[in-house]
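Visitor: coords below, sequence missing:
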């Protein structure tokens with residue numbers, strides 16, 4: 001559906017959720033372009049197997065894996081510290097996410113779905129931004145979903161338990177990603193770092209429905225197999241967004257099937273996106289040492 005012959009030799013790419021599904025296929029695509037690819041997920045066995053699969057498929061030996069559990073802010077911080085040891089970080093793909101997670105709080109007192117689908121990616125991106133800016137031109141690609149158009153952000157209740165169902169939890173978390181991307185785009189203006197979102201539509205042959213009740217899972221799989229994309233197609237689309245020369249200066253856009261698609265209307269609300277940024281920093285407990293935004297003498301301010 002889209003492709004480019006662009007190479008990424010000498011570039012460092014980070015892909016969360018890179019041990020399976022479309023994240024693994026994206027990692028293969030990027031490794032095939034010559035990049036050093038770092039994949040992250042919770043399961044070390046699956047990461048090891050994915051690394052071998054990527055190397056076997058592409059011949060690129062420069063593939064590494066690191067454990068990251070987005071349901072643990074400490075795990076995200078440890079992953080970020082390890083990745084920040086690279087000389088550059090040229091592309092960050094926030095692909096990891098989940099559907100129908102248990103309705104509970106994490107050890108960080110955050111709603112599990114919100115943390116896995118949004119807060120974890122926010123924290124990781126925030127911690128990697130100084131290196132991404134130093135590596136510019138660089139790109140950030142954030143995964144969203146069509147459910148974001150019916151999402152709602154209530155800062156007083158976005159971490160509540162027993163308030164949201166499976167659909168609204170997913171919708172709210174993905175809307176948060178879209179709003180975050182919009183604010184990120186504004187704050188990255190004139191830095192040569194771009195931030196775009198991608199909507200994979202629905203994808204066949206992934207384990208994204210593993211938490212859904214079996215009856216619903218069977219029905220969902222039937223329709224997904226009828227209309228969904230192959231995970232290899234989505235991997236190719238992510239590879240295109242990460243490498244296409246014509247997108248080097250494109251930012252703040254949402255893509256589906258490699259075509260620009262509309263953002264939720266609320267992304268235009270500057271007060272909302274700015275508040276989401278600040279409330280998210282509080283939620284993930286950004287420390288004074290981590291808050292490089294406040295150190296204007298070391299890092300030029302955004303905007």
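Guide: Received the coordinates, thanks. What you are looking at is a predicted structure, and each value in this text was computed from that prediction instead of being measured.
Visitor: this protein: helices as residue ranges?
Guide: Taking DSSP state H, the helices of the chain run over residues 21-32, 44-58, 73-83, 112-114, 120-134, 166-187, 214-227, 231-243, 270-283.
Visitor: pick the most deeply packed of the ones you listed.
Guide: Highest mean neighbour count among the helices of the chain (mean count of other CB atoms under 10 Å): helix 21-32, with a mean of 27. Every C-beta, even on glycine, is put in place using the N, C-alpha and C of the backbone.
Visitor: quick one on the thing from earlier: turn the helices of the chain into TSV, columns for distance to residue 258 and mean pLDDT.
Guide: Converted to TSV, these look like this (distance: least, CB to CB, whole Å; pLDDT from 0 to 100):
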stretch	distance to residue 258	mean pLDDT
helix 21-32	13	97
helix 44-58	21	98
helix 73-83	27	98
helix 112-114	28	98
helix 120-134	22	98
helix 166-187	17	97
helix 214-227	18	54
helix 231-243	5	95
helix 270-283	25	98
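Visitor: I'd like to know which of the ones you listed is closest to residue 262.
Guide: helix 166-187 (10.6 Å; CB to CB).
Visitor: starting at the chain centroid, how far to the closest one?
Guide: For helix 166-187, the gap between its own C-alpha mean and the chain's C-alpha mean amounts to 11 Å (CA atoms, centre = their mean, to the nearest Å).
Visitor: can you name every helix or strand that it contacts?
Guide: Judged by 3 or more CB pairs under 8 Å, 6 or more residues apart in numbering; DSSP states H and E, helix 166-187 is in contact with helix 112-114, helix 120-134, strand 138-143, strand 193-198, helix 270-283.
Visitor: kindly reformat these as JSON lines containing distance to residue 185.
Guide: JSON lines is the format used below for the helices and strands packed on helix 166-187 (distance: least, CB to CB, whole Å):
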{"stretch": "helix 112-114", "distance to residue 185": "21"}
{"stretch": "helix 120-134", "distance to residue 185": "12"}
{"stretch": "strand 138-143", "distance to residue 185": "9"}
{"stretch": "strand 193-198", "distance to residue 185": "5"}
{"stretch": "helix 270-283", "distance to residue 185": "9"}
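Visitor: returning to that earlier point: can I get the helices of the chain in CSV including distance to residue 249?
Guide: Below are the helices of the chain laid out as CSV (distance: least, CB to CB, whole Å):
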stretch, distance to residue 249
helix 21-32, 20
helix 44-58, 28
helix 73-83, 25
helix 112-114, 32
helix 120-134, 15
helix 166-187, 12
helix 214-227, 34
helix 231-243, 13
helix 270-283, 21
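Visitor: quick one: mean pLDDT for stretch 189-206?
Guide: Summarised as a single mean, pLDDT over stretch 189-206 is 85.
Visitor: closest to residue 101 out of the helices of the chain?
Guide: Nearest to residue 101 among those is helix 112-114; the distance by CB to CB comes to 4.8 Å.
Visitor: what's that closest one in contact with?
Guide: 71, 98, 101-106, 158-159, 164, 169-170, 172-173, 176 (CB atoms under 8 Å, 6 or more residues apart in numbering).
Visitor: show me which of those residues is closest to residue 13.
Guide: Distances from residue 13 to those, taken as CB to CB, are shortest for residue 98 (22.0 Å).
Visitor: surely the closest one is in contact with residue 116?
Guide: Yes - with contacts counted by CB atoms under 8 Å, residue 98 reaches residue 116, the gap being 5.1 Å.
Visitor: between those two, which has more neighbouring residues?
Guide: Just comparing residue 98 and residue 116: by other CB atoms under 10 Å the higher neighbour count belongs to residue 116, 22 against 19.
Visitor: ok, that one to residue 24 distance?
Guide: Distance, residue 116 to residue 24, by CB to CB, to the nearest Å: 18 Å.
Visitor: also residue 74?
Guide: Distance check for residue 74 against residue 24: by CB to CB, it reads 25 Å.
Visitor: hang on, the earlier thing: do you know which of the helices and strands packed on helix 166-187 lies nearest residue 184?
Guide: Using CB to CB, the nearest of the helices and strands packed on helix 166-187 to residue 184 is strand 193-198, at 4.3 Å.
Visitor: which residues sit against the closest one?
Guide: The contact list for strand 193-198 (CB under 8 Å, 6+ apart) reads 129, 132-133, 136-144, 177-178, 181, 184-185, 188, 237-238, 241, 247-256, 263.
Visitor: angle of it against helix 231-243?
Guide: Angle of strand 193-198 versus helix 231-243, following axes from the mean of the first three to the mean of the last three CA atoms, to 10 degrees, is 160 degrees.
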